[in-house]
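> Whatever this is, show me its structure:
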Amino acid sequence: MNTGKTPENIFKRSILKNVKARRSEVLTGASFGEDCAVLDLKEDEVAVVSEKLLTDKDGFIFEDIFNNVCSNGAEPVGIGLMLLLPTGYEENSLKSLIKDIDAACKESNVEILGGDTSFSDSVSRPVVGISVFAKAKKTGYVGSNGAKPGDDIVISKWAGLKGTYLLARKYEEKLKEKFPASMILSALQFKKYLTVVYEAAPAVKSGVSAMHDASRGGIFTALWEIAEASHVGLSVDLKMIPIKQETIEICNFFDLNPYNLDSSGALVMTTVDGEKLVRDLGEEGIEAVCVGKITDSNDKVVINGDSKRFLEPFRSDELTKIYDL
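All right, here's what the predicted structure looks like:
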């Protein structure tokens, strides 16, 4: 396609026609000629907004685009899209991209609200900017800064989920030379676990004091950021942190630390009663484990048997040792 805006006929047949997920709160959504979306919120609700920038360097992954707002105890309602596409990008590719985004939205009961699609020779591959709009009760949203000394620390699912999936997808054939094909297939299926939509709401109901999605930098970074935001310390038992054998094997193969590997899909939570939270999540089919305690010191300690280490601020995800993100 040529430089500039999307032609009206292509916009209608390849974009609007493929936007099918709907929400009752959306009074004005994606349509030709409309520059704004309008949402209907109740008097006791607030808007929660988050942004994400994606490229197709390794293929788009939309499963985790709602994790930031869900980790604040909010319910995602809609997304705004900014698509910057290279000139020459085929219409069929645009249609496929919109279908993939809409499918991710439908899975999480979210509507595409609108946005802007442009073609430019300044980019060589598609760039997708996503703004997520969510709603939460004024007294019900949860941040990363609510952890209190004495709180239990609970982690859902497993460390290194997204990083393991990305490595298995990118280096599938190489890994099959070392490991059984069934193990690599299992790692590729981690993709279905990359959202925290399903555990965040029951976690809020259960009474969490803080939540954080363990994305880039992994579990260790999420623990550090909760402690820093809450001005507390923590003590965690490394052996209690849930992790899949596939992640251990693949990280050993690439000499990576799985606890600093992108763990999107795992949620780090604090609460006064960790065992209750684990039970409540279990009733929703979500695996979770108590791994430690929030303390009243500044130390952020991970204990491994007779040894211990101190957590450090985020520098880079382990994936960057293998390739540029």
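
> Low-confidence bits of the protein, can you list those?
By pLDDT under 70, the low-scoring segments of the chain are 1-2, 4, 57-58, 324-325.

> Quick check: C290 touching L281?
No: assessed by CB atoms under 8 Å, C290 is found out of contact with L281, at 11.2 Å. Bear in mind the C-beta positions are built from the backbone N, C-alpha and C, glycine included.

> quick one: buried residues of stretch 296-314?
Buried residues in stretch 296-314, counted by 16 or more other CB atoms under 10 Å: 300-302, 311.

> How much space separates the residue most central in space within the chain from C105?
A centroid search over the chain (CA atoms, centre = their mean) returns D64, at 3.4 Å, as the residue closest to the centre. Relative to C105, D64 is positioned 13 Å away (CB to CB, to the nearest Å).

> if we can go back for a sec, and of the buried residues of stretch 296-314, the nearest to K239?
K239 lies nearest to V302 out of the buried residues of stretch 296-314, by CB to CB, at 10.1 Å.

> re earlier: show me which of C290 and L281 is the more surrounded one.
Just comparing C290 and L281: by other CB atoms under 10 Å the higher neighbour count belongs to L281, 23 against 17.

> Go ahead and report the secondary structure state at L188.
What DSSP: H, G, I helix; E, B strand; the rest coil gives for L188 is helix.

> Tell me which residues are up against the strand or helix carrying C290.
Here C290, judged by DSSP states H and E, is contained in strand 288-295. The contact list for strand 288-295 (CB atoms under 8 Å, 6 or more residues apart in numbering) reads 147-157, 199, 227, 230, 232-237, 240-242, 269-270, 274-275, 277-278, 281-282.

> Over to stretch 114-121?
Stretch 114-121 is touched from outside by 1-6, 11, 15, 29-31, 34-37, 80-87, 89, 94, with contacts defined as CB under 8 Å, 6+ apart.

> repeat for stretch 87-103
For stretch 87-103, contacts defined as CB under 8 Å, 6+ apart pick out 1-3, 6, 10, 14-15, 18-21, 60, 62, 79, 81, 83, 85, 112, 117, 119-121, 126, 128.

> Kindly export it (C-alpha atoms) in PDB.
C-alpha atoms of stretch 87-103 as PDB (Å, rounded to 0.1, in the frame of the first residue of the first chain):
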ATOM      1  CA  THR A  87       4.600   0.600   2.500                       C
ATOM      2  CA  GLY A  88       3.900  -2.500   0.500                       C
ATOM      3  CA  TYR A  89       2.200  -4.300   3.400                       C
ATOM      4  CA  GLU A  90      -0.500  -6.500   1.900                       C
ATOM      5  CA  GLU A  91      -4.200  -6.100   2.600                       C
ATOM      6  CA  ASN A  92      -4.500  -9.800   3.500                       C
ATOM      7  CA  SER A  93      -1.800  -9.400   6.100                       C
ATOM      8  CA  LEU A  94      -3.700  -6.400   7.600                       C
ATOM      9  CA  LYS A  95      -6.900  -8.400   7.700                       C
ATOM     10  CA  SER A  96      -5.100 -11.300   9.400                       C
ATOM     11  CA  LEU A  97      -3.500  -8.900  11.900                       C
ATOM     12  CA  ILE A  98      -6.900  -7.400  12.900                       C
ATOM     13  CA  LYS A  99      -8.500 -10.900  13.200                       C
ATOM     14  CA  ASP A 100      -5.700 -12.000  15.500                       C
ATOM     15  CA  ILE A 101      -6.100  -8.900  17.700                       C
ATOM     16  CA  ASP A 102      -9.900  -9.200  17.700                       C
ATOM     17  CA  ALA A 103      -9.600 -12.900  18.700                       C
END
